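Q: I would like to see how this sequence folds:
(2 chains)
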Amino acid sequence: MMTEARTAALPSGERSPATEVAPILEVRDLAIDTGTSRGPMRLVENVNLSIRPGERLALVGESGSGKSVTARAIMQLDPSMRLTGSVRFAGTELLGLPERSLRSYRGSRLSMVFQDPLRSLNPTMTIGEQVAEPLRIRGVSRREAWRRAQATLDQLGVANAGHRMRSYPFEFSGGMRQRVALAIALVAEPALLIADEPTTALDTRVQDRVLKLMDTIALERGLAVILITHDLGVVAGFADRVAVMYSGRLIEEAPVDDLYRAPKHPYTRGLLDAVPRLDTDARTLAAMPGTPVSPDARPPGCAFADRCPVRVDDCLSVRPVLLPMADAAHAVACHFPIERESK
Amino acid sequence: MNTPDILTVRSITKTFASRGRPAAKALDAVNLSVSEGSIAGLVGESGSGKSTLIRCIMGLERPDTGTIIFDGTDMSVAGREEWRKFRQQVQLVFQDPFSSLDPRMTVESTVGEGLVIHKKSMVKNHRRELVATALESVGLSASDMNRYPRSFSGGQRQRIAIARAIVMRPRLLVCDEPVSALDVSVQAQVINLLKSMQAESNISILFIAHDLAVVRHLCDSVSVLEHGKIVESGRSTEIFGNPQADYTRSLIAASPIPDPAVQREKSRSSLAQ
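A: Predicted coordinates:
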């Protein structure tokens, strides 16, 4: 009850994380390259992100935009990816850190949940063992780890947690499995949670419940969350700030209300116009023509140029940089950002 | 009575027996109808019986009781010839355009396959023409015929799947979550395509989806399936404007709206309850 009252008093978007607090995560000029049969390929470039304690940042984009690769790069989960730039977490540079030191961050201070809870859980271990594992690795006693695992599962609304910790993942429904995956990510009380499409595989009502739980726990713990998703409805209800990715680059970043009310990038505008809304009657959806360009076929200029309604010739050759607008919180990478609409 | 039904599902029940446990009722006296030229939506969460219902409609599963009537014919007593007609006139589009197309078949043979099977006497050139027309009507080009699925994006593959269905000139298109695997901008293209096909060719569509916003946007009528039972059905505007069943209300309440102000208002009122 207590937690609900707090959520009610401070709905997301109205919380104002203190701007003077140092960011928990700062990504500077991150580029991600991978080797392919046709030579090296730059998947992501020039990504700058920062997130403060307690803040929720949504990383939005369509498939192939580089949002998941970026998240995995922050965790350095793919050894085959070559990373350049800087990823500072709580003041420490993570890029170039030896694997052994990285492990003291991953899963404890910095953790991640994935889309598919069935694949991210171990089918041969009980739920309890898996939730307790991040603590056991860090030397917490068996009894204490088990107790904290149970408390975390309780907090995530897994009924009868003490008993169900002896069950195996196959005995759980999709929504329950995702709660378990969240419990594993949260049990060691991380400062930052990266959630990669955590509710995409879930039914609508289960998604709603899981998002509310994440909301409550993040509020209670002052947890920073990076939410990676393609679902603009989910973003609207959860995030404080939104960064939009297109073809491996950030193209717009803004506080959530500004982004939905007055998007500056034609792509962001196009995305918002393409989503059907349940609270309005049918209208013709403005479908963007074409499909996103793959990273190896990016033109020297703007990657969105071939689909853009306001393109001029220069857009194909001169690359727009992500620049802050007059309102410094809002940044866009476009030569012709949309003027504020008069409504 | 205004328009006649192209498809009527009348009181279908289907149970699955499993050893040592009581038989599970996947469908319980389900009624559903698609009136000619309309888009009917079927909404349900996983485990609601959606897939079983589709399998029963397509004749892949025999219901325990109840009947399926297509264009006036009771399919439970239909003979060979009537089933042949049914298989031509009812076409299915699947959710995942990555696994529903054979990677070793060109677009031409994928889209033309139904014609080869059902119109054996058709000469190759005539078939090519029909395939080209079908591709153009879904926004692809006749020059795509010799390409393979791998060289197309997800949205384009779903167009190929739709072209494969409409080349048969079906009267009913059954679409099982046809846009849920697609990106937002591509999803809108496919939704608009289905809508314009309905407007131009009087095709009827049964559209199965879990995304209520898509259903509200596309469908003239909607039925809501929960645990094998239809809990509510009617015109889209009525169901979404004034839902009666608690289940429908909870689905609507849980569906996120892409508008931060609306979402804040929703979470406030849900906590106040």
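
Q: For A:Ala329, which non-adjacent residue is spatially closest?
A: Leaving out its chain neighbours, the residue that sits closest to A:Ala329 by CB to CB, 6 or more residues apart in numbering or on different chains is A:Pro255, at 5.4 Å. Backbone N, C-alpha and C define where each C-beta goes, glycine included.

Q: burial measure for the one you found, as a count.
A: As a burial measure, A:Pro255 scores 18 neighbours (other CB atoms under 10 Å in any protein chain shown).

Q: bridging residues for it?
A: When bridges are taken as DSSP bridges, the partners of A:Pro255 come out as A:Arg241.

Q: Please enumerate the strands of chain A.
A: For chain A, the strands defined by DSSP state E cover A:25-36, A:39-51, A:56-60, A:82-89, A:92-93, A:110-113, A:192-196, A:224-229, A:241-246, A:249-255, A:323-324, A:331-332.

Q: Make TSV out of the ones you listed and add mean pLDDT and distance to B:Glu177.
A: As requested, those are arranged in TSV below (pLDDT from 0 to 100; distance: least, CB to CB, whole Å):
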stretch	mean pLDDT	distance to B:Glu177
strand A:25-36	94	31
strand A:39-51	93	29
strand A:56-60	97	22
strand A:82-89	96	37
strand A:92-93	95	44
strand A:110-113	94	24
strand A:192-196	96	22
strand A:224-229	97	19
strand A:241-246	97	26
strand A:249-255	97	29
strand A:323-324	91	40
strand A:331-332	96	34
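
Q: Same list (the ones you listed) but as JSON lines, adding distance to B:Ile230.
A: Shown next, in JSON lines, are these (distance: least, CB to CB, whole Å):
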{"stretch": "strand A:25-36", "distance to B:Ile230": "48"}
{"stretch": "strand A:39-51", "distance to B:Ile230": "46"}
{"stretch": "strand A:56-60", "distance to B:Ile230": "36"}
{"stretch": "strand A:82-89", "distance to B:Ile230": "52"}
{"stretch": "strand A:92-93", "distance to B:Ile230": "57"}
{"stretch": "strand A:110-113", "distance to B:Ile230": "35"}
{"stretch": "strand A:192-196", "distance to B:Ile230": "35"}
{"stretch": "strand A:224-229", "distance to B:Ile230": "32"}
{"stretch": "strand A:241-246", "distance to B:Ile230": "39"}
{"stretch": "strand A:249-255", "distance to B:Ile230": "43"}
{"stretch": "strand A:323-324", "distance to B:Ile230": "53"}
{"stretch": "strand A:331-332", "distance to B:Ile230": "47"}
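
Q: To B:Glu200, which of those strands lies closest?
A: Closest to B:Glu200 of these, according to CB to CB: strand A:241-246, at 33.0 Å.

Q: What are the buried residues along the closest one?
A: A:241-246 (16 or more other CB atoms under 10 Å in any protein chain shown).

Q: Residues of the stretch 51-200 of chain A that sit close to chain B?
A: A:62-63, A:174 (CB under 8 Å from any CB of the partner chain).

Q: Please put the alpha-carbon coordinates of stretch B:196-213 into PDB.
A: Extracted C-alpha coordinates of stretch B:196-213, given in PDB (Å, rounded to 0.1, in the frame of the first residue of the first chain):
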ATOM      1  CA  SER B 196      -7.600  -0.600 -49.000                       C
ATOM      2  CA  MET B 197      -8.000  -4.200 -50.200                       C
ATOM      3  CA  GLN B 198     -11.300  -4.300 -48.400                       C
ATOM      4  CA  ALA B 199     -12.400  -1.100 -49.900                       C
ATOM      5  CA  GLU B 200     -11.500  -2.000 -53.400                       C
ATOM      6  CA  SER B 201     -12.300  -5.700 -53.700                       C
ATOM      7  CA  ASN B 202     -15.100  -6.500 -51.300                       C
ATOM      8  CA  ILE B 203     -12.900  -9.200 -49.700                       C
ATOM      9  CA  SER B 204     -13.800 -10.300 -46.200                       C
ATOM     10  CA  ILE B 205     -11.200 -10.500 -43.500                       C
ATOM     11  CA  LEU B 206     -11.000 -12.300 -40.200                       C
ATOM     12  CA  PHE B 207      -8.200 -10.500 -38.300                       C
ATOM     13  CA  ILE B 208      -6.800 -12.100 -35.200                       C
ATOM     14  CA  ALA B 209      -4.700  -9.900 -33.000                       C
ATOM     15  CA  HIS B 210      -3.800  -9.100 -29.500                       C
ATOM     16  CA  ASP B 211      -3.100  -5.400 -30.100                       C
ATOM     17  CA  LEU B 212      -6.400  -3.700 -29.400                       C
ATOM     18  CA  ALA B 213      -5.400  -0.400 -31.000                       C
END
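
Q: Distance from that stretch to the middle of the chain?
A: 8 Å (CA atoms, centre = their mean, to the nearest Å).

Q: go on, stretch B:142-158?
A: Worked out by CA atoms, centre = their mean, stretch B:142-158 lies 21 Å from the chain centre.

Q: Same check on stretch B:59-72?
A: 17 Å.

Q: neighbouring contacts of that stretch?
A: B:5-15, B:27, B:29-30, B:52, B:55-57, B:74-76, B:83, B:86, B:89-90, B:171-172 (CB atoms under 8 Å, 6 or more residues apart in numbering or on different chains).

Q: give me that answer again for 6 Å
A: B:6-15, B:55-57, B:74-76, B:86 (CB atoms under 6 Å, 6 or more residues apart in numbering or on different chains).

Q: CA atoms only for that stretch - export them in CSV, please.
A: The C-alpha trace of stretch B:59-72 is given here as CSV (Å, rounded to 0.1, in the frame of the first residue of the first chain):
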residue,chain,number,x,y,z
GLY,B,59,-10.6,-27.5,-41.2
LEU,B,60,-7.3,-28.6,-39.6
GLU,B,61,-9.1,-29.6,-36.4
ARG,B,62,-12.5,-31.1,-36.1
PRO,B,63,-14.6,-29.5,-33.4
ASP,B,64,-16.4,-31.8,-30.9
THR,B,65,-19.7,-30.1,-31.5
GLY,B,66,-21.0,-27.1,-33.5
THR,B,67,-20.7,-26.2,-37.1
ILE,B,68,-18.8,-23.9,-39.4
ILE,B,69,-20.7,-22.5,-42.3
PHE,B,70,-18.9,-20.9,-45.2
ASP,B,71,-20.9,-19.1,-47.8
GLY,B,72,-24.0,-21.1,-46.9
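
Q: Which positions in it come out as buried?
A: Those would be B:59, B:61, B:63, B:66, B:68-71, for stretch B:59-72 by 16+ other CB under 10 Å.

Q: How about stretch B:179-194?
A: The neighbour-count check on stretch B:179-194 (16+ other CB under 10 Å) flags B:179, B:181-194 as buried.

Q: swap in stretch B:244-263?
A: B:247-248, B:251-252, B:254-260, B:262-263.
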